[in-house]
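Undergrad: Any chance you can model this:
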Amino acid sequence: LYGVHHDEKHWGDPHVFRPERFINPGGSLRKDDHLVPFFTGKRNCPGDSLAMNEFFMFLTGVLQRFNVELEDPKTMPDFGQRPGFILKPPEHKLTFTKRC
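TA: Predicted coordinates:
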């Protein structure tokens with residue numbers, strides 16, 4: 001899954017936050033076959049629709065109320081693969097500034 005979600009041939013710049021990849025200009029979710037957060041087929045997660053909607057509402061609520069930036073914008077975290085059962089992002093510090 002990491003390889004699919006970080007494929008530069010498809011995403012262009014996979015480490016840049018660009019919500020327009022997943023949201024149409026009208027505000028509806030855009031379906032993309034390269035996004036596979038809950039697997040596919042017979043054994044896919046039965047709660048994937050609920051989880052995606054809940055996460056979308058949570059994240060948009062945070063982004064509407066706060067500007068989110070790296071504490072030190074000059075240092076981009078290394079998102080390389082780490083061995084283990086799941087991929088865990090490296091620790092990095094974010095700054096949340098309340099919007100007016």
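Undergrad: Show me what the helix or strand containing residue 53 is packed against.
TA: Assigned by DSSP states H and E, residue 53 belongs to helix 48-65. Counting contacts by 3 or more CB pairs under 8 Å, 6 or more residues apart in numbering; DSSP states H and E, helix 48-65 packs against no other helix or strand. Using the backbone N, CA and C atoms, a C-beta is placed for each residue, glycine as well.
Undergrad: And the contacts of the helix or strand following that helix?
TA: Remark: after helix 48-65, the chain's next helix or strand is strand 66-70, criterion DSSP H and E. Strand 66-70 has contacts (CB atoms under 8 Å, 6 or more residues apart in numbering) with 62, 76, 77, 92, 93, 94, 95, 96, 97, 98, 99.
Undergrad: next one: stretch 25-32
TA: For stretch 25-32, contacts defined as CB under 8 Å, 6+ apart pick out 21, 22, 23, 24, 52, 56.
Undergrad: quick one: buried residues of the helix holding residue 53?
TA: Residues of helix 48-65 classed as buried: residue 52 (neighbour count, 16 or more other CB atoms under 10 Å).
Undergrad: What mean pLDDT does it get?
TA: Average pLDDT, helix 48-65: 92.
Undergrad: got it, and stretch 16-35?
TA: Regarding stretch 16-35, the rounded mean pLDDT is 81.
Undergrad: What pLDDT is listed against residue 42?
TA: 67.
Undergrad: ok, now which ones touch the residue nearest to the spatial centre of the chain?
TA: Central residue of the chain (CA atoms, centre = their mean): residue 17, 7.5 Å from the mean position. Neighbour list for residue 17: empty [criterion: CB under 8 Å, 6+ apart].
Undergrad: Can you pull the phi and psi angles for residue 97?
TA: Residue 97 adopts backbone torsions of phi -110, psi 120, taken as degrees, to the nearest 10.
Undergrad: That one - how many residues pack around it?
TA: 9 (other CB atoms under 10 Å).
Undergrad: Chain neighbours aside, what residue packs nearest to it?
TA: Of all residues not flanking residue 97 in the chain, residue 67 sits nearest, at 4.5 Å (CB to CB, 6 or more residues apart in numbering).
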